[in-house]
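Undergrad: Sequence plus predicted model, see below.
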Amino acid sequence: MAITSLLIAWVLGIIASIIGGAIGGMIVGGKHIGYGVAGWMGGFYGPIAGIVGVIVGLVIASFI
């Protein structure tokens with residue numbers, strides 16, 4: 001894979017993890033702490049796992 005492809009996939013993976021974290025936060029904690037706060041927290045903490053997953057996936061894909 002070219003370095004530009006890796007960077008594009010990395011950026012898109014981070015964006016997707018932020019969006020997924022925000023949606024997941026609103027689903028899980030929206031009623032209890034409010035949808036805005038839950039979405040903000042999910043968007044902030046979602047990429048913690050998402051970035052690691054994207055990096056591992058890109059490393060594996062680069063060896064294929």
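TA: Alright, I've got the coordinates.

Undergrad: Can you work out which other helices and strands pack against whichever strand or helix holds T4?
TA: Using DSSP states H and E, T4 sits in helix 3-33. Applying 3 or more CB pairs under 8 Å, 6 or more residues apart in numbering; DSSP states H and E, one finds that helix 3-33 makes contact with helix 35-63. (Glycine included, C-beta is placed from N, CA and C.)

Undergrad: Would you mark the buried spots in the helix it packs on?
TA: Neighbour-count burial for helix 35-63 flags A38, G39, W40, M41, G42, G43, G46, P47, G50, V54, L58 (criterion: 16 or more other CB atoms under 10 Å).

Undergrad: How much space separates A16 from G34?
TA: From A16 across to G34, the span is 24 Å (CB to CB, to the nearest Å).

Undergrad: Enumerate every residue touching the nearest residue to G46 once chain neighbours are set aside.
TA: In space, and not counting its chain neighbours, G46 is closest to G21: 1.5 Å by CB to CB, 6 or more residues apart in numbering. Contacts for G21 (CB atoms under 8 Å, 6 or more residues apart in numbering) come out as G42, G43, F44, Y45, G46, P47, G50.
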